[in-house]
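Undergrad: Sequence and predicted structure are below.
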Amino acid sequence: MEESKKLYRSNNGMIAGVCAGIADYFGWDPTLVRIGYIVLSIFTVFSGVIAYLILWMVIPKQPK
């Protein structure tokens, strides 16, 4: 049986581990997710900052 993946904030994140956690979940490079987040935030008049703060509160920290 397949083990289900869970979304966690990464322990090796730069600020809160949200982008690194998303990258780990999908198997992507964390740097590309961070760059994508910055570009998206700039083009959406920084509403990405609000989304980041919400994700920071909602996504649990990765267990050690």
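TA: Cool, the structure landed. Computed from a prediction, not measured in an experiment: that's the story for all the values here.
Undergrad: Show me where the chain has its helices.
TA: Remark: helices assigned in the chain by DSSP state H are 18-26, 30-43, 47-58.
Undergrad: Out of these, flag the one nearest residue 64.
TA: Minimum separation from residue 64 across the helices of the chain (Cβ to Cβ) falls at helix 18-26, 14.2 Å. From N, CA and C alone the C-beta is placed, and that goes for glycine too.
Undergrad: buried ones in that closest one?
TA: 18, 19, 20, 21, 22, 23, 24 (16 or more other Cβ atoms under 10 Å).
Undergrad: That one: how far from the chain's middle?
TA: A distance of 5 Å separates the centroid of the chain from that of helix 18-26, by Cα atoms, centre = their mean, to the nearest Å.
Undergrad: So which residues make contact with it?
TA: Helix 18-26 has contacts (Cβ atoms under 8 Å, 6 or more residues apart in numbering) with 5, 7-10, 12-14, 28-30, 32-34, 37, 52, 55-56, 59, 62.
Undergrad: how far away is residue 8 from residue 47?
TA: Distance of residue 8 to residue 47, given as Cβ to Cβ, to the nearest Å: 24 Å.
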